[in-house]
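Participant: dropping the sequence and predicted coords here.
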Amino acid sequence: MEHATPDRRHIPVLLTAILDHIAPVEGVWVDGTLGAGGYARGLLEAGADKLIGIDRDPLAHELAKTWAAPYGDKVELHQTTFSKLDQVASGVDGVVLDLGVSSMQLDQAERGFSFQGNGPLDMRMSQTGPSAKELVNEYDEAQIADIIYLFGEDRASRRIAKAIVKAREVAPIETTGHLAEIIQSVMPRPKPGQSHPATRSFQAIRIAVNDEFGELVAGLEAAERALKPGGLLVVVSFHSLEDRVVKRFMRLRAGEAGGGSRYAPEQTPEPATFKLINKKAIGPDAEELERNPRSRSALLRLARRTDAEAREVNARALGAPQLKEGGS
């Protein structure tokens, strides 16, 4: 996601590619994941007449006080989730969603998103509601294992969950460092070039704490409702689970989801609500990778809204990982 200070770590990912594909930029745009405002400023500088910025993180709105003022009434900010974007915007020319956790969140140890710096086990984007500390200390072993397996795709999920439950019987797990140590203790030592053994578990817990897949599915639906015919949906994702959902949503809505079984009854195709702009996801080029190593896993997908009526989508049909009832 987009980031807070102008150093190597805080560069809006794939911004140049986005602006190249959506030019000319005009009208009203929604940045549904405002962060430190990098995409918002990029859209305004490229020609957007108005920018509606949405973020559930109070920090994003604190940061906006420093950059938004010169734009005056061209910037309108809302502290809410992007799943509600159609409640604050309608008939817009474009929606940009930059998924996952932002560097401004990762780089603050006190937010508890990362094991790179020891901090309280929090991970809440909105800074409200149940935290990661409550999840790892109160959920049962099976629930924790399901979260790590479904949202982190870690095959060692049961082993990790067992270790977490065993450790919390001795003392509550309250810091990112403690949780990382517990996970690391039951995992093989990583080979050179491999990620930290706790990476997938931290991703999974963060996704569960913030209901990121529920938000993503609802956010894509909300964007469909908010965009006017000809409007653009622009989504940047950072891991395969997110990209799968975005890809399936866009293909399904464009009527390009592929045929079902030859034994299945024939269905009348629904009107396409989007037209794909890029068939394949766009990744960072060599220049961007050199400038911003954090962009290496980023994937960009774009689609243009048709005049077909918006409708509900089935989360399961999009391949969104879902916990069993009572899981979280």
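Facilitator: Perfect, I can see it now.

Participant: let's test this: mean pLDDT of stretch 162-181, rounded?
Facilitator: Per-residue pLDDT over stretch 162-181 has a mean of 96.

Participant: cool, stretch 82-89 as well?
Facilitator: 95.

Participant: in it, what counts as buried?
Facilitator: Phe82, Ser83, Lys84, Leu85, Asp86, Val88, Ala89 (16 or more other C-beta atoms under 10 Å). Using the backbone N, CA and C atoms, a C-beta is placed for each residue, glycine as well.

Participant: Serialize the residues you listed to a markdown table and add fields for distance to Asp122 and secondary structure.
Facilitator: Formatted as a markdown table, those follow (distance: C-beta to C-beta, whole Å; DSSP: H, G, I helix; E, B strand; the rest coil):
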| residue | distance to Asp122 | secondary structure |
| --- | --- | --- |
| Phe82 | 21 | helix |
| Ser83 | 21 | helix |
| Lys84 | 23 | helix |
| Leu85 | 25 | helix |
| Asp86 | 29 | helix |
| Val88 | 27 | helix |
| Ala89 | 29 | coil |
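
Participant: out of the residues you listed, flag the one nearest to Asp146.
Facilitator: Lowest distance from Asp146 to these (C-beta to C-beta) belongs to Ser83, with 22.7 Å.

Participant: ok, that closest one - contacts?
Facilitator: By C-beta atoms under 8 Å, 6 or more residues apart in numbering, Ser83 lies in contact with Gly214, Glu215, Ala218, Gly219, Glu221, Ala222.

Participant: what about the fifth one, which helix or strand?
Facilitator: If I follow you right, that is Glu221. helix 212-226 (DSSP states H and E).

Participant: for that helix, which positions count as buried?
Facilitator: Neighbour-count burial for helix 212-226 flags 212-213, 215-226 (criterion: 16+ other C-beta under 10 Å).

Participant: by contact count, what packs against the host helix or strand of Glu181?
Facilitator: If you go by DSSP H and E, Glu181 is part of helix 176-185. For helix 176-185, the packing partners by 3 or more C-beta pairs under 8 Å, 6 or more residues apart in numbering; DSSP states H and E come out as helix 157-170, helix 199-209.

Participant: stretch 116-131: how far from the chain's middle?
Facilitator: 16 Å (C-alpha atoms, centre = their mean, to the nearest Å).

Participant: actually stretch 173-184, not the one I typed
Facilitator: On the basis of C-alpha atoms, centre = their mean, stretch 173-184 sits 24 Å off its chain's mean C-alpha point.

Participant: can I get it in PDB? Just the C-alpha atoms.
Facilitator: The C-alpha trace of stretch 173-184 is given here as PDB (Å, rounded to 0.1, in the frame of the first residue of the first chain):
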ATOM      1  CA  ILE A 173       1.400 -13.500  24.300                       C
ATOM      2  CA  GLU A 174       1.500  -9.700  24.200                       C
ATOM      3  CA  THR A 175       4.200  -8.600  21.700                       C
ATOM      4  CA  THR A 176       5.100  -9.200  18.100                       C
ATOM      5  CA  GLY A 177       8.500 -10.400  19.100                       C
ATOM      6  CA  HIS A 178       7.100 -13.100  21.500                       C
ATOM      7  CA  LEU A 179       4.700 -14.400  18.800                       C
ATOM      8  CA  ALA A 180       7.500 -14.500  16.200                       C
ATOM      9  CA  GLU A 181       9.700 -16.400  18.600                       C
ATOM     10  CA  ILE A 182       7.000 -19.000  19.300                       C
ATOM     11  CA  ILE A 183       6.400 -19.500  15.500                       C
ATOM     12  CA  GLN A 184      10.100 -19.600  14.800                       C
END
